[in-house]
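> here's my sequence, what's the structure:
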Amino acid sequence: MGAVRSFLLLAISMTATPGSASGTEATLILAQAAGPVWTAKVDTDPRGVSIEARASGGPAHMTGACATALLSPGLWMTLFNPPGLPRVDGRRMTLNFAVTGGFGTQTFKARMRYEAPGDSWPSEGPLPPDFLNAFQAGGLLTISDPAGRKLADFNLRGAEEAVQLIRRVCRL
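Alright, predicted model coming up:
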């Protein structure tokens, strides 16, 4: 069974209450943690899975997909609006996908190609198969350019569930 990634926030508010036996009254406040950063959905035409997340504290966002009939097996990623990358249609660049978690940091390389009409950097192929294992177990995904300059950070909350759906639907 996978680790539970949501939690309850517990806070106690103490207030003075005249006339009560203790002189104070405790109020318990429970709040559900924020939902997943990564969302996943099953696509029907073509059959596959789409995932998506917004970067932490920046303008970038990322999508991913596996489609059993259209794409080579694996997870294909697309980066949108990364700060600091040239926007020249057809420009190719190898980006670093560094996943950090309890296992340390694992870095994967992905060849990306800028597409002006969508202002996006889709991968030219699927990420390596081991990426799914790190993505599922990690806590942070950092995308950087070839020189190592950070372009975006993505919290991996919700990635475990996304990968489970990808594995089931796309049989990866």
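> which one's the longest helix in the protein?
The residue-count maximum for a helix in the chain (DSSP state H) belongs to helix 159-170.
> residue 95 versus residue 116, what's the distance?
Residue 116 sits at a distance of 18 Å from residue 95 (criterion: CB to CB, to the nearest Å). (Glycine included, C-beta is placed from N, CA and C.)
> more crowded one of the two?
For the pair residue 116 and residue 95, the greater number of neighbours falls to residue 95 (21 against 11), based on other CB atoms under 10 Å.
> that one in helix, strand or coil?
strand (DSSP: H, G, I helix; E, B strand; the rest coil).
> tell me the bridge partners for it.
Note on residue 95: beta-bridge partners by DSSP bridges are residue 110.
> any idea of the pLDDT on it?
What the model reports as pLDDT for residue 95 is 98.
> the one 10 residues further on now?
At residue 105, the model reports a pLDDT of 98.
> beta partners of it?
residue 100.
> try residue 53
The partner residues for residue 53, given DSSP bridges, come to residue 62.
> from the chain's centre, how far out does stretch 84-100 sit?
Here the centre of mass of C-alpha atoms in stretch 84-100, compared against the chain's by CA atoms, centre = their mean, to the nearest Å, lies 17 Å away.
> tell me which residues in it are buried?
Neighbour-count burial for stretch 84-100, counted by 16 or more other CB atoms under 10 Å, picks out 85, 95-100.
> how about that stretch as PDB, C-alpha atoms only?
As requested, the backbone C-alpha atoms of stretch 84-100 are provided in PDB (Å, rounded to 0.1, in the frame of the first residue of the first chain):
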ATOM      1  CA  GLY A  84      14.500  31.700 -19.500                       C
ATOM      2  CA  LEU A  85      14.200  29.400 -22.500                       C
ATOM      3  CA  PRO A  86      14.500  30.800 -26.100                       C
ATOM      4  CA  ARG A  87      11.300  30.800 -28.000                       C
ATOM      5  CA  VAL A  88      12.400  29.800 -31.500                       C
ATOM      6  CA  ASP A  89      10.200  27.400 -33.400                       C
ATOM      7  CA  GLY A  90      11.800  24.100 -33.900                       C
ATOM      8  CA  ARG A  91      14.700  24.700 -31.400                       C
ATOM      9  CA  ARG A  92      15.800  21.500 -29.700                       C
ATOM     10  CA  MET A  93      17.200  21.300 -26.200                       C
ATOM     11  CA  THR A  94      17.900  18.500 -23.700                       C
ATOM     12  CA  LEU A  95      16.300  19.400 -20.400                       C
ATOM     13  CA  ASN A  96      17.100  17.800 -17.000                       C
ATOM     14  CA  PHE A  97      14.300  16.300 -15.000                       C
ATOM     15  CA  ALA A  98      15.600  15.900 -11.400                       C
ATOM     16  CA  VAL A  99      13.400  14.000  -9.000                       C
ATOM     17  CA  THR A 100      14.200  14.400  -5.300                       C
END
